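**Q** Mind looking at a prediction? Sequence and model below.
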Amino acid sequence: VGDEVYDDVDASDFPAPPPELIQGAKAKTEEKDPKKLKKQEKEEKDFRKKFKYDGEIRVLYSTKVAPSFTSKRWGTRDLQVKPGESLEVIQSTDDTKVLCRNEEGKYGYVLRSYLVDNDGEIYDDIADGCIYDN
């Protein structure tokens, strides 16, 4: 009771995707502009040197700059951001700021207060009393 088994569908009923569709996906990812790729590599190299960052660069989550954000003065390690800009968070440094990368591949610190609050958006489907709800 409660465990439904759908045994009326067989995986062999579905054909494999056509080869041009598979190759098209590969070609898109490999089609990056060589100048853009070189610029991103340079930005990453500068980032590693400036922040003394070793290891793999992994994106923890994506967020946006609050639309109500107004420009501030920037420090040498701060990422200059614009209202509504998309950012990838690389590292949570402390309670006040995070290390981010923007769409241009530039890195720097951003104050958490500048970002849209994403709490509750990612796991908003967890019910009350769920064992995974921290």
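**A** Looks like it arrived, so ask away. Numbering: from 1, shown residues only.

**Q** Could you pull up the residues touching residue 82?
**A** 65, 69 (C-beta atoms under 8 Å, 6 or more residues apart in numbering). All C-beta atoms are positioned from the backbone trio N, CA, C, and that covers glycine.

**Q** and it, what element?
**A** Counting by DSSP states H and E, there is no helix or strand that carries residue 82.

**Q** next one: residue 49
**A** With DSSP H and E as the criterion, residue 49 is inside helix 34-51.

**Q** low-scoring stretches of the chain, by residue?
**A** 1-32, 118-134 (pLDDT under 70).

**Q** Helices along that one, start to end?
**A** For the chain, helices defined by DSSP state H occupy the ranges 19-30, 34-51.

**Q** what's the nearest residue to residue 87 if we skip its chain neighbours?
**A** Ranked by C-beta to C-beta, 6 or more residues apart in numbering and with sequence neighbours excluded, the top spatial neighbour of residue 87 is residue 100, at 4.3 Å.

**Q** does the one you found really touch residue 85, like I thought?
**A** No: Residue 100 is beyond contact range of residue 85, at 9.7 Å (criterion: C-beta atoms under 8 Å).

**Q** Please identify which of these two sits among more neighbours.
**A** residue 100 (27 against 20; other C-beta atoms under 10 Å).

**Q** wait, doesn't residue 59 sit right on residue 87?
**A** No: contact between residue 59 and residue 87 fails when scored by C-beta under 8 Å: they sit 9.7 Å apart.
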